[in-house]
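Asker: I need the structure of the sequence given here:
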Amino acid sequence: MIKVGVLGAKGRMGTEVCRAVDGADDMALAAAVDVGDARDALAGVDVVVDFTHPAAVMDNLRWCVEHGRNSVVGTSGFDEQRLAAVRSWLATAPGVRVLVAPNFAIGGSRIGPRRHRDRSRGRPWGGCGRYPRARRTAGRAGGASGGDVRGAW
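Answerer: Coordinates of the predicted model:
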C-alpha cells in the first residue's frame, strides 16, 4: 500500500487527487495538508503530491526533499532557475525522487488550449496547447492503452 500525502488538498486539483487516492486499491491517503496546516503530517508518507501555488511550491518541495519524501509536483510556474534549485537539493539527498509535471490534464493536452486556464493564477506560459511534448506523450499513452489512460499514474 502506497501512503500518499497531498499538499493543496482543499484546492480544486488537490481535492481530485485526494478522491483518486481514496478510490485506488493500492494507495492510502495518509495526509491531506493545505494552507495553515503543519507539514509534519507528511513525515510518514511514501510520496507527496503537490498541487499548491507557484508562490508556495518551492518551500514545500525543499521541505519534502530535506525530509526524504519522494514528490510529484503538479503546480505550474517551473522555469530553468527553479528546476536548477530542485536539482541542487536532490544532489544532497540520495534516493529522493521528484517528478515535476505541471500539466496533468492529459485530455486537455491532447486537444490544445482550454479557456478556463486563462483564469488560473499559476498560469505563467498560457494554456496547455503550448506544451507540444505533453500533447505527444498524452497521445502515445492514449494510443497504447486504447484511449483509456485512467490507470496511467
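Asker: where's residue 56, which helix or strand?
Answerer: Residue 56 belongs to helix 54-66 when assigned by DSSP states H and E.
Asker: could you dump the helix or strand following that helix to CSV, C-alpha only?
Answerer: Beyond helix 54-66 on the C-terminal side, the first helix or strand identified by DSSP H and E is strand 70-73. Provided in CSV are the C-alpha atoms of strand 70-73 (Å, rounded to 0.1, in the frame of the first residue of the first chain):
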residue,chain,number,x,y,z
ASN,A,70,9.5,11.5,-2.9
SER,A,71,7.3,14.1,-4.6
VAL,A,72,5.1,14.6,-7.6
VAL,A,73,4.6,18.2,-8.4
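Asker: Show me what the helix or strand following strand 70-73 is packed up against.
Answerer: Moving toward the C-terminus from strand 70-73, the next helix or strand (DSSP H and E) is helix 80-91. Judged by 3 or more CB pairs under 8 Å, 6 or more residues apart in numbering; DSSP states H and E, helix 80-91 is in contact with helix 54-66, strand 98-100. For every residue, glycine as well, the C-beta is placed using N, CA and C.
Asker: deepest of these, which one?
Answerer: Mean neighbour count (mean count of other CB atoms under 10 Å) peaks for helix 54-66 among the helices and strands packed on helix 80-91, with a mean of 18.
Asker: Now do that helix and helix 80-91, the angle between them.
Answerer: Interaxial angle of helix 54-66 relative to helix 80-91 (axes from the mean of the first three to the mean of the last three CA atoms, to 10 degrees): 20 degrees.
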